[in-house]
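Visitor: quick one, what's the 3D model for this:
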Amino acid sequence: MKRDELVSTVRETGRMDSVEHAETAIRATLGVLGERLSGGETKDLASQLPPAFAAALPPSGRGERFGLDEFYRRVAEREGGGCDKAHARQHARAVVAALKTSISPNEFEDVAGQLPHGYDELLGREPVIHY
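Guide: All right, here's what the predicted structure looks like:
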């Protein structure tokens with residue numbers, strides 16, 4: 001998926017008011033996801049993303065262990081602008097839903113395989129809730 005398509009998909013799914021907001025949500029979500037992944041998985045994921053967003057991932061994952069609530073809190077913090085956890089949840093889920101269709105199925109499964117069962121909501125196994 002090209003950069004503009006990814007941004008448009010995230011903006012529409014996450015009901016964001018601007019392209020810039022969608023880009024911020026993508027970078028924030030990828031940055032936090034990259035902290036959670038370990039080994040070379042961030043590099044593998046980055047290879048399938050548009051360069052502008054691949055740069056949001058750390059060069060190598062730290063494999064930090066934190067739950068989904070902390071994931072959303074970190075996304076909200078990175079988004080800034082008064083983003084609360086409920087909106088960060090909505091935005092992160094929109095980003096991951098777009099990733100699911102923009103990267104190879106094998107790569108998505110590799111990413112999902114590094115996340116515990118508590119992350120099922122983020123991985124698109126429930127509908128995106130809008131606030």
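Visitor: residue ranges in the protein under the pLDDT threshold?
Guide: Within the chain, the stretches with pLDDT under 70 are 125-131.
Visitor: tell me, how many neighbours does residue 113 end up with?
Guide: For residue 113, the neighbour count with other Cβ atoms under 10 Å is 8. Quick note: C-beta positions are derived from backbone N, CA and C, even for glycine.
Visitor: I'd say residue 48 and residue 107 touch.
Guide: Yes - contact between residue 48 and residue 107 holds when scored by Cβ atoms under 8 Å: they sit 5.6 Å apart.
Visitor: which of these two has more neighbours?
Guide: Taking neighbours as other Cβ under 10 Å, residue 48 and residue 107 compare with residue 107 leading, 17 against 14.
Visitor: and that one, how far from residue 7?
Guide: 20 Å (Cβ to Cβ, to the nearest Å).
Visitor: next one: residue 1
Guide: For residue 1, the distance to residue 7 - Cβ to Cβ - is 10 Å.
Visitor: name the residue in the two with the higher neighbour count.
Guide: Higher neighbour count among residue 1 and residue 7: residue 7, with 23 against 16, using other Cβ under 10 Å.
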